[in-house]
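>>> Any chance you can model this:
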Amino acid sequence: MTKADIIERVYETVGGFSKKEAAEIVETVFQIMKQSLTTNRKIKISGFGNFVVREKKERMGRNPHTNQPIVIGARHVLNFKPSQVLKNALNAEDGN
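Next up, the predicted model:
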């Protein structure tokens, strides 16, 4: 699903908004989420899951082409952990 698909679904489902307004709403939600992740490092959405920014430390790795050791720098990574409600919904669709 793309951002355009999400905008279309919001437009169809909520009603009362133009497509442009639906696009602005979706874009605003994404901007708020980005800002929150860069400052608070965590978003918790009940019934959906948690987005958490974690720090990865610097470590040694290898260049797969030359097999030379290289330093992989410290960085931040985004992790998503689905809620039990979402897990149950996913498994129900599979027929489990």
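>>> ok, residues contacting the longest helix along the chain?
As assigned by DSSP state H, the longest helix anywhere in the chain is helix 19-39. Helix 19-39 is contacted from outside by 3, 6-8, 10-11, 14, 17, 42-43, 51, 53, 78, using CB atoms under 8 Å, 6 or more residues apart in numbering. Yep, even glycine has a C-beta here, placed from its N, CA and C like the rest.
>>> I'd like those residues laid out as TSV, including secondary structure and distance to residue 32.
TSV is the format used below for those (DSSP: H, G, I helix; E, B strand; the rest coil; distance: CB to CB, whole Å):
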residue	secondary structure	distance to residue 32
3	helix	15
6	helix	15
7	helix	16
8	helix	21
10	helix	15
11	helix	19
14	helix	17
17	coil	18
42	strand	13
43	strand	9
51	strand	12
53	strand	15
78	strand	15
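>>> Show me this protein divided up by domain.
1-40, 41-96 (automatic domain parsing).
>>> Just the terminal-to-terminal distance for the shortest one.
Looking at domain 1-40, the gap from its leading to its trailing residue is 27 Å under the measure CA to CA, to the nearest Å.
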